[in-house]
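got a predicted model here, sequence first, then my questions.
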Amino acid sequence: MASHPRAYQLPSGEHVLILPSEPLPQPVVGAVNARAGELKAEAESDPRAISASLAAALRLKEQQEAKIGRTIIAVTYGEEAIGEKWGTAPPVGKAFHTEAEAVANAEAFIAAAPHYYLILVIR
């Protein structure tokens, strides 16, 4: 996905250069994390959302992946789940008992090409 440099507009209006061969700049990661929190808050008030974390992850992927040039792997907490409450949204799409297991699985998934992905934990 990350094939060419791009400018990412922060909420402040400032633009940050994203280079495909480099890790995402911290201001971009911070902005994406902040947006995830906003989307989760919106989903918590939506009676149709099965899981606010998962709903936020799917909307975030839809809104941000093209902007950052990375595939977002969201690690989410399923408030309503029984047993395995942590999971990774597609492209990984697995369930786990702990956040640490889910993050470790996501990290293993991206190990071969880490600059093509952003792992984001949505609690």
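On my side now, so go ahead.

what mean pLDDT does stretch 11-29 get?
Averaged across stretch 11-29, pLDDT comes to 95.

what comes up buried for that stretch?
The neighbour-count check on stretch 11-29 (16 or more other Cβ atoms under 10 Å) flags 16, 18, 24, 25, 28 as buried. C-beta here means a position set from N, CA and C on the backbone, and glycine is covered the same way.

output the residues you listed in JSON lines; the columns should cover distance to residue 10.
Formatted as JSON lines, the buried residues of stretch 11-29 follow (distance: Cβ to Cβ, whole Å):
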{"residue": "16", "distance to residue 10": "6"}
{"residue": "18", "distance to residue 10": "12"}
{"residue": "24", "distance to residue 10": "12"}
{"residue": "25", "distance to residue 10": "10"}
{"residue": "28", "distance to residue 10": "7"}
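
in the residues you listed, find the pair that's most separated.
The largest separation in the buried residues of stretch 11-29, counting by Cβ to Cβ, is between 16 and 24 at 9.0 Å.

circling back to that earlier point, from the buried residues of stretch 11-29, which land in helices?
Taking DSSP state H as the definition of helices, the buried residues of stretch 11-29 contribute residue 28.

and stretch 68-85, what's buried?
68, 69, 70, 71, 72, 73, 74, 75, 76, 77, 78, 85.

so the fourth one makes contact with residue 115?
No: because the distance of 10.8 Å does not satisfy Cβ atoms under 8 Å, residue 71 is recorded as not touching residue 115.

so who does residue 60 touch?
Residue 60 makes contact with 32, 35, 36, 39, 72, 74, 120, 122, according to Cβ atoms under 8 Å, 6 or more residues apart in numbering.

and it, how far is that from residue 111?
From residue 60 over to residue 111 the distance is 22 Å, taken as Cβ to Cβ, to the nearest Å.
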